[in-house]
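> The sequence and its predicted three-dimensional model are supplied below.
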Amino acid sequence: MRVLTTFLWYLLLICGAILMLLPFAWMILTSLQPATTTLTMPTNWLPRTLQWVNYQHVWQLAPFTRYWLNSLLVTTTTTLGQLFSSLLAAFAFTHLQFYGRRFLFGLLVALMLVPGELLLIPNFVTIAQLHWVNTYAALIIPWLASVFMVVTLHQAFQSQPRSLYYAAHIDGASDWQYLWHILVPTNRPIITAVAVLQVIASWNAFMWPLIMTNSEQFRTLPVGLMAFTSEQGTNYPLLMAASVCVILPLLILYVCLQKYLMLGITQSRWKGSTQ
Amino acid sequence: MLNTKPTLKSTRKALLYLAPLLIITLVFTVWPLIHALLMSSYVRYNYFTNHVGAIGWANFAYLWHDPLFHLALRNTLCLVFVAMPVTVALALVIALGLNRIPRLARFFQTIYFLPFVTATIATGLVWNWIFRLDGGLLNASLQHLGISPIDWLNDPHVALLALIVVCVWQGLGFNVVLFLAGLNRIDAKYMRVAQLDGANAWQRFTNVTWPLLLPMTVLIVINTAVTNFKVFDQAFALFHGAAGPGNSALTLMFYLYQKFYVDNQFTVAAASGVVLFCLVGLLTLLTYGYFRWQRRRLGGRS
């Protein structure tokens, strides 16, 4: 009986895993099919000869190098910028005493409830009035602060033993030195975790870059992929090859930093709201 | 230092630390929040010159009479109330299964979590290819089973269903991770005591696991509902930039996008954003209320 139930659980989990993986397998297999067999169901699942040339075509047909560099630039600058502003703010909220500390922090927590989509239109108006449409500034500057990141780091910094802070002070460390030389290194796992979450969000962001840019020059990968789709229509091997190029960097990152990602999801804002 | 009283000097110093965050948040979160509420009441608005013709309820009246908005609202509610329970239930079952096999759990978790990491636009495109009538994987498989092919992407009756499938597939992994975290937090002692008392697997689930998992479940339900309220990327990629055949998979976010980006009716779009915000808020409150009531009920029984 026990063996049977365990077997059934395994069966269920394996079937589920296959269903989850199927679209990815299909994406890769299709990307290697010759471009002529597209609109009929390929008779053999595995292409007879692997058409790596599809990937080359993708690169020739659209400026994917440019899209790639744009995505890379936007992702790194927004993530680093958010880390900088959030570390400073979380430090101030946990280690410095000032008027309105509680009020300000409460206000920030309340702001987490506001859906970003509501802000899209007024933000577009602001960006247009600043003449930032079609600039990197529009893609980067509004994302240099993250309330979610501040709240998560705030939790981590609060559990830091106070004695460490006082000891550092007695040894003559300034607040600035304490933050960068002690607080940041000792909290590296959670900092990596929030950074990974932000990298994923930035890399995959679609609606914001779609609305804030309309020239090819400033397209990020997801926007470039959609533009490529409207040009290529139903040439699925090429579309799938382009899709693989978009998701590959994050897949690699995910496999390497999975531990931190799980930490980020289970330890961040969720913890605060469950207990 | 924290054990001292705040002074003007310490406040000035803290504000320096807070400045980068506060400036960006004020300009790109607080002001737009106010601006969005204001904009939803503007009539004859020119966004570039910032000229407002009049102020009133015209935009909300427009939404009230717009059949497209009704459709978007219906579709979104359908999406939330079908995709959310299915996602949460499946995630719970998978998490319970993974909880039984701790050694392989991580491996499976990696697979289930993949859709969260990969760009929605890219995975939406594969789903488009899978759902296609001619040459799509799903119809080819159905044909093998003797079922006549269904035109998932062009039949208005099933397009929303296709979108729901994609949303469930995508949302599953995140919830599995959260449920597993919740299950890990349950003390194994409770299980052993229940077992000693002769409770079978189902009784152990309903009397031990479920009540102890409730706080996490509330969180997951709210989060999944809110995510499904804001579906846009999936639909955009699945139907190649359209909202399904004849707008049959039009969601609230897609409506907002169309009004804003295609029709240039900024104020109507802002009003629909406000409606979306209110619905999400209401749903959050209702879910909290329901689970609090259930918790009290479950607490009373034990």
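Looks like it came in fine. Residues are numbered from 1 along each chain as shown, chains lettered A, B, ... in the order given.

> From the chain's centroid, how far away is stretch B:58-73?
Here stretch B:58-73 is found 22 Å from its chain centre; the criterion is CA atoms, centre = their mean, to the nearest Å.

> That one near chain A at all?
No. Judged by CB under 8 Å from any CB of the partner chain, stretch B:58-73 stays clear of chain A, getting no closer than 11.7 Å. (C-beta placed from N, C-alpha, C; glycine too.)

> Any idea how far apart the tips of that stretch sit?
Taking CA to CA, to the nearest Å, stretch B:58-73 runs 19 Å from one end to the other.

> Quick check: buried residues in that stretch?
Under the neighbour-count criterion of 16 or more other CB atoms under 10 Å in any protein chain shown, stretch B:58-73 has B:Ala58, B:Asn59, B:Phe60, B:Tyr62, B:Leu63, B:Asp66, B:Phe69, B:Leu71, B:Ala72, B:Leu73 buried.

> and if you look at stretch B:156-166?
Quick answer for stretch B:156-166 (16+ other CB under 10 Å): B:Val158, B:Ala159, B:Leu160, B:Ala162, B:Leu163, B:Ile164, B:Val165, B:Val166.

> tell me the mean pLDDT for the helix or strand where A:Leu72 lies?
Following DSSP states H and E, one finds A:Leu72 within helix A:64-95. Averaged across helix A:64-95, the pLDDT comes to 96.

> Near chain A, which residues of the stretch 201-302 of chain B are found?
B:201, B:215-216, B:219, B:226, B:230, B:232-233, B:236-237, B:240-241, B:253, B:256-257, B:260-261, B:266, B:269-270, B:273-274, B:276-277, B:280-281, B:284.

> So what's the gap between stretch B:193-209 and the chain middle?
33 Å.

> What are the contacting residues of that stretch?
A:Thr5, B:Leu96, B:Leu183, B:Ile186, B:Tyr190, B:Met191, B:Ser302 (CB atoms under 8 Å, 6 or more residues apart in numbering or on different chains).

> Are we agreed that the third one is in a helix?
Yes. B:Leu183 sits within a helix when classified using DSSP: H, G, I helix; E, B strand; the rest coil.

> separation between the closest residue to it other than its chain neighbours and B:Phe108?
Spatially, and ignoring its direct neighbours in sequence, B:Leu183 is nearest to B:Asn99 (4.7 Å; CB to CB, 6 or more residues apart in numbering or on different chains). Per CB to CB, to the nearest Å, B:Asn99 is found 11 Å from B:Phe108.

> just B:Val117 next, same as before
On the measure of CB to CB, B:Val117 and B:Phe108 end up 15 Å apart.

> likewise B:Arg185?
Applying CB to CB to B:Arg185 and B:Phe108 gives a distance of 20 Å.

> higher neighbour count, those two?
B:Phe108 (20 against 14; other CB atoms under 10 Å in any protein chain shown).

> mind listing what's buried in the helix or strand containing the more buried one?
Assigned by DSSP H and E, B:Phe108 falls within helix B:102-117. Buried residues in helix B:102-117, counted by 16+ other CB under 10 Å: B:Ala105, B:Phe108, B:Gln109, B:Thr110, B:Ile111, B:Tyr112, B:Phe113, B:Leu114, B:Pro115, B:Phe116, B:Val117.

> didn't the fourth one look like it was pressed against A:Lys259?
Read that as B:Thr110. No. The criterion here is CB atoms under 8 Å, and B:Thr110 misses it with A:Lys259 at 10.8 Å.

> which helices and strands sit right next to the helix of greatest length in chain B?
Looking across chain B with DSSP state H, the single longest helix is helix B:266-301. Other helices and strands packing on helix B:266-301, by 3 or more CB pairs under 8 Å, 6 or more residues apart in numbering or on different chains; DSSP states H and E, are helix A:116-129, helix B:31-39, strand B:42-46, helix B:58-65, helix B:67-100, helix B:210-229, helix B:252-257.

> pretty sure B:Gly173 is touching B:Thr123, no?
No. Look at B:Gly173 against B:Thr123 with CB under 8 Å: they stay out of range, at 11.8 Å.

> Overlap in contacts, these two.
B:Pro115.

> nearest residue to the residue sitting nearest the centre point of chain B other than its sequence neighbours?
By CA atoms, centre = their mean, the mean C-alpha position of chain B lies nearest to B:Thr227, the distance being 1.0 Å. Spatially, and ignoring its direct neighbours in sequence, B:Thr227 is nearest to B:Gly171 (6.1 Å; CB to CB, 6+ apart).

> Confirm that the one you found sits in a strand.
No. B:Gly171: not assigned to a strand; according to three-state DSSP it is helix.

> Tell me who's in contact with it.
Per CB under 8 Å, 6+ apart, neighbours of B:Gly171: B:Ala83, B:Thr87, B:Ala91, B:Thr224, B:Thr227, B:Asn228.

> all helices for the stretch 101-250 of chain A, in order.
Taking DSSP state H, counting those that start in this stretch to define them, one finds helices in the stretch 101-250 of chain A at A:101-111, A:116-129, A:136-140, A:147-158, A:162-170, A:175-178, A:184-186, A:188-204, A:207-212, A:221-232, A:236-267.

> got TSV for those, with distance to chain B, mean pLDDT and mean neighbour count too?
Compiled in TSV, the helices of the stretch 101-250 of chain A are given as follows (distance: least, CB to the nearest CB, whole Å; pLDDT from 0 to 100; neighbours: other CB atoms under 10 Å in any protein chain shown):
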stretch	distance to chain B	mean pLDDT	mean neighbour count
helix A:101-111	6	91	14
helix A:116-129	4	90	21
helix A:136-140	11	95	19
helix A:147-158	6	91	21
helix A:162-170	7	90	13
helix A:175-178	8	93	16
helix A:184-186	14	94	13
helix A:188-204	4	93	20
helix A:207-212	6	93	21
helix A:221-232	4	92	21
helix A:236-267	4	90	20
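
> before we move on, the earlier item: determine the set of other helices and strands touching the helix holding B:Phe108.
Partner elements for helix B:102-117 (3+ CB pairs under 8 Å, 6+ apart): helix A:2-31, helix A:236-267, helix B:67-100, helix B:159-185.

> With distance to A:Gln160 as added columns, please give these in a markdown table.
Output for those, formatted as a markdown table (distance: least, CB to CB, whole Å):
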| stretch | distance to A:Gln160 |
| --- | --- |
| helix A:2-31 | 38 |
| helix A:236-267 | 15 |
| helix B:67-100 | 32 |
| helix B:159-185 | 23 |
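
> B:Asp134: which of these is closest?
The closest approach between B:Asp134 and any of the helices and strands packed on helix B:102-117, judged by CB to CB, belongs to helix A:236-267 at 11.1 Å.

> re the thing from before, between B:Gly173 and B:Thr123, which is the more surrounded one?
Neighbour count, other CB under 10 Å: between B:Gly173 and B:Thr123, B:Thr123 has more, with 26 against 21.

> which residues sit in contact with that one?
By CB under 8 Å, 6+ apart, the residues touching B:Thr123 are A:Pro23, A:Met27, A:Ser243, A:Ile247, B:Pro115, B:Val166, B:Gln170, B:Ala237.

> Over to A:Val150?
Applying CB under 8 Å, 6+ apart, the residues contacting A:Val150 are A:Ser86, A:Ala89, A:Ala90, A:Phe93, A:Leu108, B:Leu21.

> Now with 6 Å, please.
Going by CB atoms under 6 Å, 6 or more residues apart in numbering or on different chains, A:Val150 touches A:Ser86, A:Ala89, A:Ala90.
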